[in-house]
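S.K.: Give me coordinates for this.
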Amino acid sequence: MSATVLAVVLSLFSAVAYAAAAVAQERLAARSAGTGFLRLLGNGAWWWSVTLNASAALLHVAALAYGPLTLVQPLGALTLVAAVPLGARLAGRRVSAVEWRGTALTLAGLAALLVAATGPAPDDALTLPQALAVAGLTALVIGALARRGARPGLRHASASGFASGVASALTQTVTVAATDRTGPLLSVQVVVVALLVAAFATGGLLLSQTAYRGGLGAPLAVVTLANPVAAAVIGLSLLGERLQGGAAGILLALAGAALAAWGVVVLSRAAGPAPADDHPVAAVLALDSGAAAQEPALMPRQPARRARRHLTRL
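M.R.: Alright, predicted model coming up:
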């Protein structure tokens, strides 16, 4: 099996795990809006989402060991694509025409990106000054997007995508530097960059948790699109990654990226104004929402019953 095929397969499994984690986070955010971080630590659903994210991250790291950033990161769009047929099956329905169209657009765009971005296994790493500069600039961007008091939503989703994309780029640096047999396994570069990876990965997780308070579809689409943008900028500008085919390859990659982005947006809106349980990604996890769905229906009846009893007494 070639390195490119292995990177694609690992990215597919990673995307499915990320989709399940996103659903768990969205459900938790909807049920515990306004809950502090310390309380989340005592919530089993929170740790379930963390476990899914960690599993997806490990698969993603493995994919980065076999494929360049410009190839692996766009495959994160498979987070939505892989969940559509599975979600439809769990929901007991057929995949809708809109979902098929979004899936086809995304896959066609990714196919074009695969042709243009396919390359050898990564062998370049960011220097320590470059890694610190990237981290500092990203922190400023995230601070501007997720400033204190900002309403949870697409700003936080963008910040989460950038944080995750930079974490992936830094992860590739750790992987390449740690496997470089000409230097020490735990150099200052590896340790510092690994700490930055942990910081940005955790920040991306918390930012996405905040973003999903406004629903899953649009925030997940923004995270899915912002992530590869940040990683591709680093890969092309600092890691020496190149697209295949010269000018034609660049045009093909741009067209593929636009097509995949369009497909992701179509998929994220496929459920329309339906409840979160009907979202094509939401059905990946069969979380118990029956009781939660029934409680609001019971709430208005209680005051009505009390009113009737009061009138009877009168």
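
S.K.: so residue 148 is in which element?
M.R.: Using DSSP states H and E, residue 148 sits within no helix or strand.

S.K.: wait, residue 15
M.R.: helix 3-31.

S.K.: Against which helices or strands is that helix packed?
M.R.: helix 44-64, helix 69-72, helix 78-81, helix 83-90, helix 188-211, helix 217-238 (3 or more Cβ pairs under 8 Å, 6 or more residues apart in numbering; DSSP states H and E). From N, CA and C alone the C-beta is placed, and that goes for glycine too.

S.K.: and the second one, what's its mean pLDDT?
M.R.: Per-residue pLDDT values across helix 69-72 average out to 82.

S.K.: Number the chain from 448, please
M.R.: Yep, numbering from 448; the last one is helix 516-519 now.

S.K.: what packs against that helix?
M.R.: Against helix 516-519 (3+ Cβ pairs under 8 Å, 6+ apart) you get helix 450-478, helix 491-511, helix 544-564, helix 601-625, helix 664-685.

S.K.: now the first one
M.R.: Using 3+ Cβ pairs under 8 Å, 6+ apart as the contact criterion, the elements in contact with helix 491-511 are helix 450-478, helix 516-519, helix 601-625, helix 635-658.

S.K.: tilt between the longest one and helix 635-658?
M.R.: So that's helix 450-478. 40 degrees (axes from the mean of the first three to the mean of the last three Cα atoms, to 10 degrees).

S.K.: quick one: low-confidence ranges for the stretch 548-697 of the chain?
M.R.: Low-confidence segments of the stretch 548-697 of the chain (pLDDT under 70): 565-569, 596-597, 627-633, 661-664.

S.K.: circling back: for the helices and strands packed on helix 491-511, which one ends up most surrounded?
M.R.: helix 516-519 (a mean of 27; mean count of other Cβ atoms under 10 Å).

S.K.: From the rest of the structure, what touches it?
M.R.: By Cβ atoms under 8 Å, 6 or more residues apart in numbering, the residues outside helix 516-519 that reach it are 451, 454-455, 458, 507, 510-511, 560-561, 564-566, 569, 615-616, 619, 678-679, 681-683, 686, 688, 690, 700.

S.K.: chain center to that helix, what's the gap?
M.R.: Distance of helix 516-519 from the chain centroid (Cα atoms, centre = their mean, to the nearest Å) equals 15 Å.

S.K.: Stretch 497-504 too?
M.R.: Worked out by Cα atoms, centre = their mean, stretch 497-504 lies 11 Å from the chain centre.

S.K.: Thanks a lot, see you next time.
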